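1. build me a model from this:
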Amino acid sequence: MNSSNPNYPTEPDELASYWAARLDGSVLSAADQNELNAWLAKDPSHRTLLSLYCQFSADLELLLPTLAAHGAIELPQEISPPKRTWRFPWLATGLAAAAAIAAVVLTLSPGRHRSQVERIATPVAQRQSLTLADGTRAELNAQTSLQIELGPVERRVRLASGEAFFTVTKDPARPFIVETPSGSVRVTGTVFDVRAETTSTLEVLVVEGSVQVRPEENGPGQPGAPIALRAGDKLSNGSHGFTVTGLSAAAIDDAVAWRQGQVVFHGVPLSDALARFAHYHGRGISADPAVANLSVGGRFSLDDLDGFLSALESFLPVRVSRGLSGTIQIGPTNSRPTASPASGPSR
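-> Numbering: from 1, shown residues only. This is a model prediction of the structure:
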């Protein structure tokens, strides 16, 4: 990336401020956009850094007149009155300079607190890991949409759809809350998985620590009584409401195998197994009612849809049909379906 230019920034902080300035002050060329995309893809932390610099500069633009009025800084003549194209030179020296200015800002405006907001969405058949500004680690399954807001009194994540695994940095003064259409999860620091692939489903699995779940049992905006979960507990909702079950260490590993790109079935109905692959790949995959309740078991690669379908045809009396639009239908073979389980290869 412009390695021949001795003045081109090389450190992540400097590059984040550089790209923030470029994005704010001009329209990027196709080559510049490709260069930025390559830098963002190189490390998940780069996207977080860029977001922080953009947010900080927006706040700084509003506060610079106040800083100048209090004598904390002196604005150069050529940038007065303030314009949106001048603020980034203050950031170009990195986080140390930004932190120093932030200290002055907080001194002059003690009532002003800034929340850091970021939106992340993963496409079909792709997973992503990122580290939030507070150090929390988030792993996102395919087709997952998050809005992250880290405020001064709480940390809030809105999981609109999908599945995410959180390793939350402990901060008793700022609880970590995950909101879903079917309920919210509240912690201060722990390790847990949240799955909400539809607006009416919710699964919460606690790996370490404890969490408190407030299900939306009475309709949107009307949470029911809180449910406390400890390590090894799994909460899920179904036709009979919310239930909590205890899982063994092996069962927990199987439940979060998606983090390694795998899925494990233990005698689940064929229709449920197909739904997992359909959501991951964003494909229409369905089963004929005659075979929908056949039992499926085994460990499969989420990325290998063809391998999964081939395994089904090998171990179950089913036939896979593919439509011109890309849809997939699983129907019975000429022989009568039985309840024998399908077992995929262990990996």
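2. alpha carbons only for contacts and neighbour counts from here, please
-> Noted.
3. contacts only, for residue 328.
-> Contact partners of residue 328, counting by Cα atoms under 8 Å, 6 or more residues apart in numbering, are 283, 284, 285, 286, 320, 321, 322.
4. you'd agree residue 283 is up against residue 323?
-> No. The pair residue 283 and residue 323 does not pass the contact test of Cα atoms under 8 Å, sitting 11.2 Å apart.
5. low-scoring stretches of the chain, by residue?
-> Along the chain, the model assigns pLDDT under 70 to residues 1-10, 23-28, 51-116, 217-223, 239, 335-347.
6. per-domain residue ranges of it.
-> 12-108, 116-252, 261-343 (automatic domain parsing).
7. just how off-centre is the longest one within its chain?
-> Taking Cα atoms, centre = their mean, to the nearest Å, one finds domain 116-252 lying 10 Å from the centre of the chain it belongs to.
8. what of the shortest one?
-> Using Cα atoms, centre = their mean, the distance from the centre of domain 261-343 to the centre of the chain it belongs to is 27 Å.
9. can you report how many residues neighbour residue 305?
-> When neighbours are defined as other Cα atoms under 10 Å, residue 305 has 16 of them.
10. hmm, it is touching residue 276, no?
-> No. Counting by Cα under 8 Å, residue 305 does not reach residue 276; the two are 10.7 Å apart.
11. how about residue 284: what's its closest non-neighbour residue?
-> Once flanking residues are discounted, residue 284 sits nearest to residue 327: 4.7 Å by Cα to Cα, 6 or more residues apart in numbering.
12. and that neighbour, its phi and psi?
-> Phi and psi for residue 327, reported as degrees, to the nearest 10, are phi -70, psi 160.
13. hmm, back to that, give me the buried subset of the contacts of residue 328.
-> Buried by 16 or more other Cα atoms under 10 Å: 284, 285, 286, 320, out of these.
14. do you know how far the residue nearest to the spatial centre of the chain is from residue 260?
-> Central residue of the chain (Cα atoms, centre = their mean): residue 140, 4.2 Å from the mean position. To residue 260, residue 140 is 11 Å away according to Cα to Cα, to the nearest Å.
15. can you check residue 126 too?
-> 12 Å.
16. also residue 202?
-> Remark: distance between residue 202 and residue 260 (Cα to Cα) = 22 Å.
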